[in-house]
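Chemist: The following comprises the amino acid sequence and a computationally predicted model.
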Amino acid sequence: MKKRKLILITIALFLTASLFASTTRYVSPSGSNTFPFTTLATASTTIYSAVAASVNGDIIMVDDGTYLFSTTVTINKGITLKSINGSSAAIIDGTNSVKCFLINNSNAVVEGFTIQNGYFPAGYGGGVNIVNGGLVKFCTIKNNQARDGGGVAIDNSGYLENCYVINNIASNGSGSGYGGGVRLLNGGEIRNCVITGNTSVLYGGGVNIWNAGKVKNCVIAKNTAPAGKGAGIRTRNNSYIYNCIIYYNNGDNWVPGGSSYHFYNSNVNASIPAGNKTSTINSVPMFVNLTAGSEDYRLQAGSPAIDAGVNIGWMTSVPDLDGNTRIVNGIVDMGAYEYVSAPTDTDGDGVADINDDYPTDPLRAFDNFFPSGGFGTLGFEDLWPSKGDYDFNDLVVDYRFKTVTNASNNVVEIYATFKVKAFGAGYRNGFGFQFPNTNVAAADLTVSGYDLQEGYISLAANGLEQGQTKPTIIVYDNSFNIMQHPGSGTGVNTEQWAPYVTPQSLHIYIAFSGTYTMAQVDIENFNPFLVINKFRNDEVHLPDYVPTDLANTWQFGYADDDSDPSSNRYYKTSTNLPWAINIPESFDYPTERTVITSAHLKFAQWAESDGVLFPNWYQDLPGYRNSANIYHHP
């Protein structure tokens with residue numbers, strides 16, 4: 001008996017897992033068309049094949065491209081068919097020969113496509129026909145033709161949501177047509193859609209409701225139908241219209257075909273009987289633009305449609321047609337777009353105050369920080385090309401850059417902060433950095449904030465170092481001028497027993513007079529370096545960073561150095577150990593004369609693997625460090 005129960009439980013668990021399992025498949029014009037299409041590289045080249053391969057719960061992601069249909073794609077499974085980059089990038093084309101989609105499953109979703117040139121004049125839905133459930137959203141449905149629902153036909157149930165339905169036609173070629181944009185037969189619902197430019201040769205240029213249907217928060221404008229047939233919308237039986245704007249259609253904005261209809265909180269340019277409407281108005285809606293070809297059906301300030309709708313439950317989870325929150329100020333607006341008041345822009349630079357770091361300064365807009373999360377740390381060994389004591393505390397300096405950009409995202413200025421924390425050296429070392437490229441002309445820069453007292457650095461009038469191809473800034477020329485030696489110990493803040501000295505910060509200011517983007521400046525790849533003991537030509541750089549034009553290169557390949565400029569290899573030993581490190585956060589450095597590998601136990605593996613192993617070697621994780629060999633702030 002127990003064995004039988006176990007078997008039944010196992011079967012139940014298997015069936016449950018199977019029920020809820022799902023696979024993501026891909027469609028791409030450049031795919032290899034290799035079943036089961038589970039990567040972009042092996043993607044199906046046709047939507048038809050991917051749908052055929054899918055089962056309930058699967059997701060099909062469609063890459064950019066135009067997909068020409070020679071047969072209708074039928075979706076009768078609970079799957080999601082979704083474009084990767086939205087309706088402007090993924091185009092379904094019925095080639096004026098076939099209906100594009102037939103959807104017949106309540107869990108089916110088609111999202112994010114342009115659906116065009118579908119053709120089915122003998123029946124329902126030129127672009128899409130939803131039969132018994134399904135959802136089409138975030139699509140542009142245009143230039144399709146069918147007898148019923150030139151763009152979309154919903155037969156019994158289903159949803160059309162957040163779509164543009166444009167320039168479709170309802171016609172069988174013999175004078176019959178129902179719903180140029182959308183036809184609802186026995187049910188179905190349209191939400192947050194703009195339905196415009198559509199034509200029916202008979203009933204309902206924009207929308208035709210036959211036996212039942214609901215239209216909510218839609219704009220139905222500039223559609224066409226014969227006189228008395230409802231150029232905007234024709235409502236026949238069990239037709240319910242909520243929060244819609246039906247205006248500027250070429251013919252009657254609305255005509256009834258029966259008595260069971262009702263308009264709620266809508267703006268309709270038509271005479272609707274009092275018993276068939278609630279809080280419905282007939283007022284100029286004040287759209288942003290009605291110019292042919294440039295229509296914009298968003299609302300202007302002062303529109304009577306603002307805060308004039310009736311709230312419905314689905315609005316809390318479905319955005320408006322722009323993707324904004326559907327209910328603002330507590331009451332939904334009529335139409336497909338929620339009115340969003342223009343944000344305050346005090347300095348008139350086109351950046352709203354709420355997003356502007358300098359709301360009263362038209363020349364500045366954004367602060368951009370690197371590292372973004374706080375200070376990074378640089379650590380140097382100054383006995384290059386020999387390894388020396390290899391404790392990486394000959395200079396320990398925190399750094400952070402603030403790049404200020406304007407409304408056009410061009411660089412205005414850079415504030416660089418360097419906080420000298422420690423130097424365990426007897427050498428009088430200097431410190432500087434170089435821009436990573438020659439994109440920025442030196443003449444377009446002005447630098448201030450450096451501390452140069454020793455006389456061995458030559459500066460141009462704008463504060464950059466002379467003799468350099470790339471803009472180069474010397475921050476200071478002697479560590480001992482920045483932090484005063486406490487009278488005992490080697491250097492400053494490297495021996496636990498010696499007096500602690502408060503770290504000192506230097507603030508470099510770089511002003512730009514030319515027009516440069518952040519990508520051109522590329523400060524994230526700045527090239528920091530140590531100047532050894534006031535010998536300007538002796539530099540220490542990060543591994544594989546090139547020396548400046550003033551550096552002495554004769555020591556490459558000497559002692560422990562294994563640099564090879566011909567292969568772009570710099571400042572490494574033969575086992576890839578560096579003389580400088582760049583940490584993206586504050587660094588806990590070793591005490592004086594403690595080899596870094598005795599403090600940070602994963603350092604060697606990181607360095608010798610060229611950064612592949614233990615990229616977080618500097619963090620305080622189990623087995624990563626020997627705390628006794630790390631300097632601790634008193």
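Modeler: Happy to help now that I have it.

Chemist: alpha carbons only for contacts and neighbour counts from here, please
Modeler: Will do.

Chemist: which residues touch the closest residue to residue 477 other than its chain neighbours?
Modeler: Spatial nearest neighbour of residue 477, chain neighbours left out: residue 430 (3.9 Å); criterion: CA to CA, 6 or more residues apart in numbering. Residue 430 makes contact with 474, 475, 476, 477, 478, 479, 530, 531, 532, 533, 534, according to CA atoms under 8 Å, 6 or more residues apart in numbering.

Chemist: just the helices in the stretch 451-600 of the chain please.
Modeler: Under the criterion DSSP state H, counting those that start in this stretch, the stretch 451-600 of the chain contains helices at 479-482, 518-521, 596-599.

Chemist: what's the closest of the ones you listed to residue 495?
Modeler: helix 596-599 (14.1 Å; CA to CA).

Chemist: next SSE after the closest one?
Modeler: Using DSSP states H and E, the next helix or strand after helix 596-599 towards the C-terminus is helix 603-608.

Chemist: any idea how far residue 100 is from residue 126?
Modeler: 7 Å (CA to CA, to the nearest Å).

Chemist: more neighbours, these two?
Modeler: residue 126 (41 against 29; other CA atoms under 10 Å).

Chemist: circling back: out of the contacts of residue 430, which are inside strands?
Modeler: 474, 475, 476, 530, 531 (DSSP state E).

Chemist: Do you know the pLDDT at the first one?
Modeler: Same thing as residue 474. Listed pLDDT for residue 474 reads 98.

Chemist: can you give me the strands in the stretch 451-600 of the chain?
Modeler: Listed in chain order, the strands of the stretch 451-600 of the chain (DSSP state E, counting those that start in this stretch) span 472-476, 504-512, 527-531, 539-541, 580-583.

Chemist: which one of the ones you listed is the most hemmed in?
Modeler: Comparing the strands of the stretch 451-600 of the chain by mean neighbour count (mean count of other CA atoms under 10 Å), strand 539-541 ranks first with a mean of 26.

Chemist: neighbouring contacts of that one?
Modeler: Contacts for strand 539-541 (CA under 8 Å, 6+ apart): 380-382, 384, 527-532, 547, 551-552, 571, 579-580.

Chemist: Over to stretch 272-279?
Modeler: With CA under 8 Å, 6+ apart as the test, stretch 272-279 has contacts from 261, 262, 263, 264, 265, 266.

Chemist: tell me which residues in that stretch are buried?
Modeler: Judged by neighbour count (16 or more other CA atoms under 10 Å), stretch 272-279 contains these buried residues: 272, 277.

Chemist: Alpha carbons only: can I get it in PDB?
Modeler: Presented in PDB, the C-alpha positions along stretch 272-279 are these (Å, rounded to 0.1, in the frame of the first residue of the first chain):
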ATOM      1  CA  ILE A 272     -26.200  60.200 -27.200                       C
ATOM      2  CA  PRO A 273     -29.600  59.700 -25.400                       C
ATOM      3  CA  ALA A 274     -29.500  60.600 -21.700                       C
ATOM      4  CA  GLY A 275     -30.500  57.100 -20.700                       C
ATOM      5  CA  ASN A 276     -27.500  55.600 -22.500                       C
ATOM      6  CA  LYS A 277     -24.700  57.700 -21.000                       C
ATOM      7  CA  THR A 278     -23.200  58.500 -17.600                       C
ATOM      8  CA  SER A 279     -20.900  61.400 -17.000                       C
END
